[in-house]
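J.: kindly return the folded structure for what I paste below:
(4 chains)
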2 protein chains.
Amino acid sequence: MNIKDVAKKAGVSVATISRVLNHPDTVSPTTKEHVLAIMKELNYTPNWFARGLNLNKTNVIALLIPNILNPIYTQIAKGVEDIAHQKGYNILLCNTEENESKEREYIEMLLKRKVDGLILTASLLNKKDINKIKKRETPLVMIGKNKSSAKENMVFTDYIVGAYEATKHLVETGYRKIAYISGVKHQIENIEKQIGYEKALKEFCLPVEKKYIIEGNNSIEGGYLAAKKLIQSKEIPEAIFAANDLMAVGAMDAIKTMGLRIPQDIAIVGFDNIDMSALVEPKLTTISQPVYKMGLIAARLLFDNIESNDEEENVQQEIFLQSKLKVRKSCGHEDRLREIFN
Amino acid sequence: MNIKDVAKKAGVSVATISRVLNHPDTVSPTTKEHVLAIMKELNYTPNWFARGLNLNKTNVIALLIPNILNPIYTQIAKGVEDIAHQKGYNILLCNTEENESKEREYIEMLLKRKVDGLILTASLLNKKDINKIKKRETPLVMIGKNKSSAKENMVFTDYIVGAYEATKHLVETGYRKIAYISGVKHQIENIEKQIGYEKALKEFCLPVEKKYIIEGNNSIEGGYLAAKKLIQSKEIPEAIFAANDLMAVGAMDAIKTMGLRIPQDIAIVGFDNIDMSALVEPKLTTISQPVYKMGLIAARLLFDNIESNDEEENVQQEIFLQSKLKVRKSCGHEDRLREIFN
DNA sequence: CTGAAAGCGCTAACAT
DNA sequence: ATGTTAGCGCTTTCAG
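T.: Numbers count the residues shown, from 1 in each chain, chains lettered A, B, ... in the order given. Next up, the predicted model:
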């Protein structure tokens, strides 16, 4: 069942059928009605490939995320989906599992598939990879910084500042021995978070101690294990800053399981403000990132690029969004203040 | 840059190029090497559309889920992704938002796009819709039951039994006034869960009371609101069974916020066993479904269908997986037992 | 306003 | 083992 069949049955040429599909105004109302009726009768739908072959357009964009099980990435995905659906696009979702070669492999495949655009989240790619994508002229938006220092479409929050704020809050609340549970180290964002952590310590003349910096693996279990190690060490920290909420929540579980109290024995602050962080006990102090919004904005930016005919007019945009500290109970802030003022 | 260019540069015909791409063994090693080199040099990638137009194959499957923000669906997605990636397929992810017409609209689009297969999760479609899909001959697998009673590829757990077990556990622990926070009512699974709930009550000669059945909307907030309503009613229930963990966790938050204790004042059990359920305080008793595995199995089933040449050999399979009760603290089981035996 | 026909880039049957 | 060529189903000039 193809355009020819419809043409034959409608008693017109294939060109006319194509026209009612693509330029309805150029067809007389009568024939248009007639053709439409026949199409419905035959339950005709144009062949996507043939169409793409001519138009070179897929109406598909790809979204790469490092971990589909982490709520912040599904929030981003939701944001992207909301815009994409509204624009009539479909999303190819690719889960890179924080794996550089899986990411590269995916992109290679996606480029072959001629997706109309690409959104990379927390990308592990370097400048060379990115230039390669650009050469293929597929519109590209990055969410979160990456190893390439080149100007490109990007929506991001400042992880250095976020981590700095989190750590500083802990220091100001009165803790000195502040441990850091890092995410997987090859991700830029984790490097930046560590910079922020160290910066805050240094600013308050606190030592940056290796024994207090420990790598979780971005997951609940990783946070659990890391906290356990910390607690079993000679010098238990007074507070922990975890590079994401998943690890923070895992760490809390470890702390409680080992019979310690939060925040009295160990205070904790996380990063991301996922739903879970407001439901654990005590509620988790964290850095809130507008992730859904980032997805929305990234998608809009991408479609701006896709839809613009004028290649030149499309300057690369870097959109910076603010993160902010969300103080809840786990950092023990109020208790500390009470101590100080009483 | 197309196959012709490569052919010209390599000094062979397009057929040869096509052969090294599709049937490498039928080409002499020498020319194969040569062509491969030229392809690399020219950075050639075959046009996906042209290829699809001939082969009528996309290497894309679609996964429809009701809510990307619910961890059980991302677990399923992870399972599907793991298999798909391994098979060299990409996934179009569609978030239907528990909306029947959005689901229908998506499927229409996907069928046009000629995806190679379709996995529907918690589908809202009816028999007529499903028959329509089958007529298009796109392989289809359902995760969870649906309104169509026809035999079709399906992987599922028994929601009636699960809900029955959950409720029964509450009854056996000693509660009489057991409320039910339902998911959105147009989903089959929620209808079944309610049947299981009522069945357990009836079996123990407990009344099914309308005031104790209240609709959350599958979300944390919905659970929160529902529990709040329950608590503010004249007769506060002794226990709550929530149709999913998200709502259960929201309900717990409400209970605690209103100054009641779990499980002493109100016991609670959920459904799904998402990560969060083991991290809230007290840990949530729940029904565990093997969701990741369901994704895996559904994907395998789909690929079996896609890859089988023999249309006839492919009988529709219904794969039933067991769910099981995971007893933790929130249902107060141990306390009750102590009461009974002391 | 409509039709005829030339591709889009690739695959595979048919020749050699 | 390799080349020639007819499509795959559609869009779009170009004529009328």
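
J.: alpha carbons only for contacts and neighbour counts from here, please
T.: Will do.

J.: which residues touch stretch A:228-246?
T.: A:70, A:163, A:166-167, A:170, A:175-183, A:190, A:193, A:212, A:218-220, A:223, A:248, A:251, A:254-255, A:263, A:265-274, A:277, A:286, A:331 (Cα atoms under 8 Å, 6 or more residues apart in numbering or on different chains).

J.: make it 7 Å
T.: When contacts are defined by Cα atoms under 7 Å, 6 or more residues apart in numbering or on different chains, stretch A:228-246 is touched by residues A:167, A:175, A:177-183, A:193, A:218-220, A:248, A:254, A:265-274, A:277.

J.: sec struct for the single nearest residue of chain A relative to chain B, please.
T.: Of all residues in chain A, residue A:92 sits closest to chain B, at 4.3 Å by Cα to the nearest Cα. Counting by DSSP: H, G, I helix; E, B strand; the rest coil, the backbone at residue A:92 sits in strand.

J.: next up, phi/psi of residue A:332, please.
T.: Dihedral pair for residue A:332: phi 70, psi 20, per degrees, to the nearest 10.

J.: what is the neighbour count of the residue in the stretch 101-250 of chain A positioned nearest to DNA strand D?
T.: Of all residues in the stretch 101-250 of chain A, residue A:114 sits closest to DNA strand D, at 16.0 Å by Cα to the nearest atom of the strand. Neighbour count of residue A:114, defined by other Cα atoms under 10 Å in any protein chain shown: 20.

J.: now swap in residue A:256 and tell me
T.: 14.

J.: for it, what is the enclosing helix or strand?
T.: Secondary structure assigned from DSSP states H and E places residue A:256 in helix A:245-257.

J.: now do the buried residues in that helix.
T.: Within helix A:245-257, the residues that qualify as buried are A:245-255, counting by 16 or more other Cα atoms under 10 Å in any protein chain shown.

J.: how far off centre is that helix?
T.: 23 Å (Cα atoms, centre = their mean, to the nearest Å).

J.: give me the mean pLDDT for that helix.
T.: Averaged over helix A:245-257, pLDDT sits at 97.

J.: next helix or strand past it?
T.: strand A:267-272.

J.: give me the contact list for that next one.
T.: Residues from elsewhere that reach strand A:267-272, judged by Cα under 7 Å, 6+ apart: A:166, A:238-245, A:248, A:284-289, A:330-332.

J.: switch the cut-off to 8 Å
T.: For strand A:267-272, contacts defined as Cα under 8 Å, 6+ apart pick out A:72, A:163, A:166, A:170, A:238-245, A:247-248, A:252, A:262, A:284-289, A:330-332.

J.: okay, now the sheet partners of it, with direction.
T.: strand A:239-242 (parallel), strand A:285-288 (parallel) (DSSP bridges).

J.: which one of these is the most hemmed in?
T.: Of these, the one with the most neighbours on average (mean count of other Cα atoms under 10 Å in any protein chain shown) is strand A:239-242, at a mean of 29.

J.: DNA strand D contacts on chain A?
T.: Counting by Cα under 7 Å from any atom of the strand, the residues of chain A close to DNA strand D are A:1-4, A:14-19, A:21-22, A:45-48, A:50-51, A:53-55.

J.: restricted to helices, list those residues.
T.: Secondary structure assignment by DSSP state H places A:3-4, A:14-19, A:21-22, A:48, A:50-51, A:53-55 of the residues of chain A next to DNA strand D in helices.

J.: which of the residues you listed has the most neighbours?
T.: residue A:17 (23 neighbours).

J.: excluding residues flanking it in the chain, which one is nearest that residue?
T.: residue A:7 (6.4 Å; Cα to Cα, 6 or more residues apart in numbering or on different chains).

J.: and the helices in the stretch 151-300 of chain A?
T.: Along the stretch 151-300 of chain A, counting by DSSP state H, counting those that start in this stretch, helices occupy A:159-173, A:188-203, A:220-232, A:245-257, A:291-307.

J.: closest one to residue B:33 among those helices?
T.: helix A:291-307 (37.3 Å; Cα to Cα).

J.: what's the angle between that closest one and strand A:267-272?
T.: Relative orientation of helix A:291-307 and strand A:267-272, computed by axes from the mean of the first three to the mean of the last three Cα atoms, to 10 degrees: 20 degrees.

J.: which residues sit against helix A:291-307?
T.: Applying Cα under 8 Å, 6+ apart, the contact partners of helix A:291-307 are A:72-73, A:75-80, A:82-84, A:116-119, A:139-143, A:153-156, A:314.

J.: roughly how far is that helix from the heart of the chain?
T.: 12 Å.

J.: buried residues of that helix, list them for me.
T.: By neighbour count on 16+ other Cα under 10 Å, the buried set for helix A:291-307 is A:291-303, A:305-306.
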